[in-house]
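Engineer: what's the 3D shape of this:
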Amino acid sequence: MKFKPLRDRVLVKYSEEAEKSEGGLYIPETAKEKPQRGEIIAIGPGRVTDDGKLQKMDVKAGDIVLFEKYSGSKITMDSVEYLIIKEDDILGIVGK
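Structural biologist: Numbers count the residues shown, from 1 in each chain. Below you'll find the predicted structure:
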């Protein structure tokens, strides 16, 4: 798959959800929500500021991030569901 986001956009692959709840119950496919967590696959070059300078991204490919629930655009490539979001919609990096 070849995809290069533009400007301050980020391509995120959803993280796999747990099949069991913390209490040990299996969660049926129909009851699962899309996670708000994913791995960054690709990033754009950054945002261009009002004075024309390029502001670099704070995230990089491989980072595991949390993002806002209703943000971005969902796309499917090679039978895998991805999300394209703006860097501003990322709440934080997990594990740093």
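
Engineer: my read: Gly92 touches Phe67, true?
Structural biologist: No. Applying CB atoms under 8 Å as the test, Gly92 and Phe67 come out as separate, 9.0 Å apart. Backbone N, C-alpha and C define where each C-beta goes, glycine included.

Engineer: does the most centrally placed residue in the chain count as helix, strand or coil?
Structural biologist: The residue lying closest to the centre of the chain (CA atoms, centre = their mean) is Val12, at 3.1 Å. Following DSSP: H, G, I helix; E, B strand; the rest coil, we place Val12 in the strand state.

Engineer: neighbour-wise, which of Gly92 and Phe67 wins?
Structural biologist: Taking other CB atoms under 10 Å, Gly92 and Phe67 do not tie; Phe67 has more neighbours (23 against 11).

Engineer: what bridges to that one?
Structural biologist: Applying DSSP bridges to Phe67 yields these beta-bridge partners: Ile90.

Engineer: quick one: contacts for Ile90?
Structural biologist: Val10, Val59, Val65, Leu66, Phe67 (CB atoms under 8 Å, 6 or more residues apart in numbering).

Engineer: got a winner among those residues for most neighbours?
Structural biologist: Going by other CB under 10 Å, Val10 tops the contacts of Ile90 with 26 neighbours.
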